[in-house]
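Novice: pasting the structure only:
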């Protein structure tokens, strides 16, 4: 029958089969494509074939030959084990396309034996956590590396969560379904340090640790030094809270630490300060302590509720007083708040009095008061001098810092005053560390200088979903926007030249790229969120370099000050160290020794994007080129990278014209545009 199909099916029909059933027959051998093409020639519609393939998950065969796409991702067998593939398909009821994606995500899967590895591990996970078949399928599709866990490793993690974290089996099951990687985190380098952070540095009672893990299990995978501790320091600084008061906030709303510091926490705090006319950080801290969930609400939502209260009370001053007395009003939905106001007015009650806080409310998570500590005495122990990055510890006092570091109190005070490094660590008072960030300010006009601000964003399509295997085929998109900050007279001419440069620098531009918004396609292999975001910076540099060279050819001798803004914490972390980036850019070719000396892990930095980025950055900042290079440095130019939220003020007129009426709304708009570019390319393919 197979030979008959091959003889009777035309190549054109095979191509039509791949076009109509592409993602459904991913990971199947060529014979399956012939079979479905043959079925189509017999009169079976493509819609009927899609229904059959989706319903009968074991109908298709699994391709046992590793493709190049899989082989370049890691160690794989020259031929997949049919017994292992068949077992996974029957046990998890997955399609060949799902298996193909699982192997792309975890290539070592091809070496696992069905009887001695996969079956015992799956049995242990399913019986221990009481998972149904569909739940088991969901977590393995999301985290195929679970199949490589040993029985002893599972038992060790189980003891930690049940005994040390005080979780019940039902809580652990809930957390595992939310975050399948939770059971794979290292005990000594990830789980126990996080537990000590919550219990000792934030003063959260051990009885509440289980609630934190259950509510926000993703926190257990966040970096302590580069993520969790900087967010805590941000709340301490902006709200004049000590670390134990921040612990109360986290115990009340654990997911607060999953919010972006620059993209959500700081903009929301700034908006609250402006709405309620708060100048004293202590007052802002008291409002946040009264309603920790305020930070989860969008700025546009807070504005709408404030406007409703102002209109209802017929006084902005009364609205401010009411919200200062009862901040939880801002945590209600706009519909609920309007209903409460209408009900109070219908009953003839005084609205201002009705909005005052009542004795009823949510039960506090922490019944006891947090330990006494003065915010101004807090000491930050970090790996960089006077920095809120790479924080190794937050201490309430100098004495505690000295005890934890094994030093005398006088030695720590001396290290703080001199800014000296002691045993590879720096000590600083939190109140003395200057805040990073460069705002996008209007400056006086200078005929000899041109300031250009570029906002970039990257995204992928389709996004990750809990019910879809990781490793699915995706495409990436890039969004670039030129901002007029008030210093450019011939703004339209600048935009036209930038768009012309983008047309030559980006391989494929999305057709609806118009005006000062440029949409392009991610042109490299293995599109991912991080790779697309990093490439958006590289694309911006290439556009800027081409733009300036064209202007120089036309006789323009002015100095160019370029600011490139991104919302990607991953990308900005790689390019934040200017000296390190210039050193990498000064090398014509990178080596493993160079990456090691720069403290860069090859698998983390996406060196195929970062090295060209560093090379372009080096040229644009006037650094001499290596002898092997044919390129020339760009004179009278300066480029720097900043976070998008470092530049956006709520008062900027150009921001108010964008969806959301705020900085975060503008950043989300750029992200949606980048995703639209990725979706356009996905549909095009």
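Specialist: Happy to help now that I have it. Everything numeric here is computed off the predicted structure, so don't read it as measured data. Numbering: from 1, shown residues only.
Novice: tell me where the model's unsure across this protein.
Specialist: Scanning the chain with the threshold set as pLDDT under 70 gives 1-7, 359-371, 386-387, 434-447, 466-467, 484-489, 512-515, 597, 602-603, 647-662.
Novice: report the longest strand in it, please.
Specialist: Longest strand in the chain by number of residues (criterion: DSSP state E): strand 449-461.
Novice: okay, now the sheet partners of that strand, with direction.
Specialist: Under the criterion DSSP bridges, strand 449-461 sits next to strand 475-483 (antiparallel), strand 559-566 (parallel) in its sheet.
Novice: show residues contacting the last one.
Specialist: Spelled out, it's strand 559-566. Residues from elsewhere that reach strand 559-566 (C-beta atoms under 8 Å, 6 or more residues apart in numbering): 438, 440, 448-457, 533, 536-537, 540-541, 544, 548, 551, 572, 620, 636-644, 646-647. C-beta: built from backbone N, CA, C; applies to glycine.
Novice: any idea how far that strand is from the chain center?
Specialist: 23 Å (C-alpha atoms, centre = their mean, to the nearest Å).
Novice: adjust the sequence numbering to begin at 608 for everything that follows.
Specialist: Sounds good: first residue 608 from here, last item strand 1166-1173.
Novice: tell me the first helix or strand C-terminal of that strand.
Specialist: helix 1176-1182 (DSSP states H and E).
Novice: how about the longest one?
Specialist: Elements were assigned by DSSP H and E; along the chain past strand 1082-1090, the next helix or strand is helix 1098-1112.
Novice: buried residues, that following helix. List them.
Specialist: 1098, 1101-1102, 1104-1106, 1108-1109, 1112 (16 or more other C-beta atoms under 10 Å).
Novice: now these in CSV, with distance to residue 655?
Specialist: Listed next are those as CSV, based on distance: C-beta to C-beta, whole Å:
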residue, distance to residue 655
1098, 56
1101, 55
1102, 50
1104, 53
1105, 50
1106, 46
1108, 49
1109, 44
1112, 45
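Novice: for these, which one is nearest residue 921?
Specialist: Closest approach between these and residue 921, by C-beta to C-beta: residue 1098, at 42.2 Å.
Novice: are we agreed that residue 1126 is in a strand?
Specialist: Yes - counting by DSSP: H, G, I helix; E, B strand; the rest coil, residue 1126 is located in a strand.
Novice: partners of it in the sheet?
Specialist: With DSSP bridges as the rule, residue 1126 is bridged to residue 1086.
Novice: before we move on, what about residue 1000?
Specialist: With DSSP bridges as the rule, residue 1000 is bridged to residue 988.
Novice: burial of it, as a residue count?
Specialist: Number of residues near residue 1000 (other C-beta atoms under 10 Å) recorded here: 20.
Novice: what of residue 904?
Specialist: So residue 904, with other C-beta under 10 Å, has 18 neighbours.
Novice: ok, now which ones touch it?
Specialist: Neighbours of residue 904 in contact, by C-beta under 8 Å, 6+ apart: 875, 937-938.
Novice: now do it against residue 928, distance only.
Specialist: Here the distance between residue 904 and residue 928 works out to 20 Å (C-beta to C-beta, to the nearest Å).
Novice: residue 843 now?
Specialist: 27 Å.
Novice: of those two, which one has the most company?
Specialist: Counted by other C-beta under 10 Å, residue 843 and residue 928 do not tie: residue 843 has more neighbours, with 22 against 16.
Novice: would you map the helices across the stretch 708-857 of the chain?
Specialist: 726-736, 740-749, 758-766, 776-785, 799-803, 816-822, 836-846, 850-859 (DSSP state H, counting those that start in this stretch).
Novice: quick one: the third one to helix 776-785, angle?
Specialist: Right, the one you point to is helix 758-766. Between helix 758-766 and helix 776-785, the angle comes out at 120 degrees (axes from the mean of the first three to the mean of the last three C-alpha atoms, to 10 degrees).
Novice: next one: helix 758-766 to chain centre, how far?
Specialist: 29 Å.
Novice: who does that helix touch, helix- and strand-wise?
Specialist: Contacts defined by 3 or more C-beta pairs under 8 Å, 6 or more residues apart in numbering; DSSP states H and E place helix 758-766 against helix 726-736.
Novice: residues of the helix it packs on that come out buried?
Specialist: 726, 728-729, 731-733, 735-736.
Novice: which residues sit against that helix?
Specialist: Residues contacting helix 726-736 (C-beta under 8 Å, 6+ apart): 694, 698, 738, 743, 746-747, 753-758, 761, 765, 776, 779-780, 783, 790.
Novice: max-length helix in the protein?
Specialist: helix 1136-1160 (DSSP state H).
Novice: next, the angle from that one to helix 1098-1112.
Specialist: Using the same axes, to 10 degrees: helix 1136-1160 against helix 1098-1112 is 120 degrees.
Novice: on that earlier part again, for my notes, please list the helices of the stretch 708-857 of the chain in TSV and give distance to residue 710 for each entry.
Specialist: Shown next, in TSV, are the helices of the stretch 708-857 of the chain (distance: least, C-beta to C-beta, whole Å):
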stretch	distance to residue 710
helix 726-736	17
helix 740-749	12
helix 758-766	22
helix 776-785	23
helix 799-803	31
helix 816-822	31
helix 836-846	36
helix 850-859	39
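Novice: closest to residue 1197 out of those helices?
Specialist: Between those, helix 836-846 lies closest to residue 1197; by C-beta to C-beta that is 28.9 Å.
Novice: tell me what angle the closest one forms with helix 850-859.
Specialist: Helix 836-846 and helix 850-859 are oriented at 110 degrees to each other (the same axes, to 10 degrees).
Novice: run the chain-centre distance for helix 836-846.
Specialist: Using C-alpha atoms, centre = their mean, the offset of helix 836-846 from its chain centre is 19 Å.
Novice: got it, and stretch 720-738?
Specialist: Here the centre of stretch 720-738 is set off from its chain's centre by 32 Å, with C-alpha atoms, centre = their mean.
Novice: how long is that stretch from one end to the other?
Specialist: Length of stretch 720-738, first residue to last, C-alpha to C-alpha, to the nearest Å: 22 Å.
Novice: how about the buried residues of helix 1098-1112, which pair is most distant?
Specialist: 1098 and 1112 (20.5 Å).
Novice: strands of the stretch 1158-1292 of the chain, start to end?
Specialist: Remark: strands assigned in the stretch 1158-1292 of the chain by DSSP state E, counting those that start in this stretch are 1166-1173, 1244-1250.
Novice: residue 923: what's it in contact with?
Specialist: residue 917.
Novice: residue 1069 too?
Specialist: Contact partners of residue 1069, counting by C-beta under 8 Å, 6+ apart, are 1075, 1079, 1081, 1286, 1289.
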